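Novice: need a 3D model of the following:
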Amino acid sequence: MSPSPSVTGVQVESYVFPPTVKPPGSTKTLFLGGAGARGLEIGGKFVKFTAIGVYLADNAVSSLAVNWKGKTTEELTESVEFFRDIVTGAFEKFIKVTMILPLTGKQYSEKISFSIDDTIPDVGNATIENKQLSEAVLESIIGKHGVSPEAKQSLAVRISELLNQNDNKADDRAVGQCKCGDH
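Specialist: From the prediction side, this is the model:
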């Protein structure tokens, strides 16, 4: 197993995504690949509603290095294939979504359609292991038409830094001082 990358947490609005998490139902600790907000243009102003963090298993770095080591942040940001490799990569992923500002009324019903009653428990009691579903959810966030350009940019910055660290040196610097969310 490769050692965990040295990364920092990321703050999106008032929520801070920690540098590592151990997802429910997993035996692994995953590192924060990137984070950003999802929002909507309302009345000419960009309003952020959710903060999204994308966590990856340690072996994601070596897996992605095969095709992406040496690429710039800009090259990664513009590459649909890079994000597809994250979505479909043979490494564990975890997505943490947190509300920043609740959608109300018509906005809410148009953007999110699920039940808020006792059919959705406060605490998870099961893990759904469905590769196609998990890939579709992640693709909807960071894919070609993903809902969080900030999360894509953050992933590109942080993964580029991890991929391009000097392999011959023990590098203790923290990765990922992404200034996400400046609109």
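Novice: and the strand or helix carrying residue 162, how far out from the chain middle?
Specialist: Here residue 162 sits within helix 149-163, counting by DSSP states H and E. Mean-position distance between helix 149-163 and its chain equals 9 Å (CA atoms, centre = their mean, to the nearest Å).
Novice: in it, which residues are buried?
Specialist: 150-163 (16 or more other CB atoms under 10 Å). Glycine gets a C-beta too; all of them are placed from N, C-alpha and C.
Novice: same check, this time on stretch 85-98
Specialist: Buried, per 16+ other CB under 10 Å, within stretch 85-98: 85-87, 89, 91-96.
Novice: C-alpha coordinates for it, PDB please?
Specialist: Taking Å, rounded to 0.1, in the frame of the first residue of the first chain, the C-alpha atoms of stretch 85-98 are listed here in PDB:
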ATOM      1  CA  ASP A  85     -10.000   8.400 -15.000                       C
ATOM      2  CA  ILE A  86     -10.900   9.600 -11.500                       C
ATOM      3  CA  VAL A  87     -14.500   8.500 -11.900                       C
ATOM      4  CA  THR A  88     -13.700   5.100 -13.300                       C
ATOM      5  CA  GLY A  89     -10.300   4.400 -11.600                       C
ATOM      6  CA  ALA A  90      -9.800   1.100  -9.700                       C
ATOM      7  CA  PHE A  91      -9.500   2.900  -6.400                       C
ATOM      8  CA  GLU A  92     -12.000   3.700  -3.600                       C
ATOM      9  CA  LYS A  93     -13.700   7.100  -3.700                       C
ATOM     10  CA  PHE A  94     -16.000   8.900  -1.300                       C
ATOM     11  CA  ILE A  95     -18.100  12.000  -1.900                       C
ATOM     12  CA  LYS A  96     -19.100  14.300   1.000                       C
ATOM     13  CA  VAL A  97     -21.900  16.700   0.200                       C
ATOM     14  CA  THR A  98     -22.900  19.300   2.800                       C
END
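Novice: I appreciate the help and will end here.
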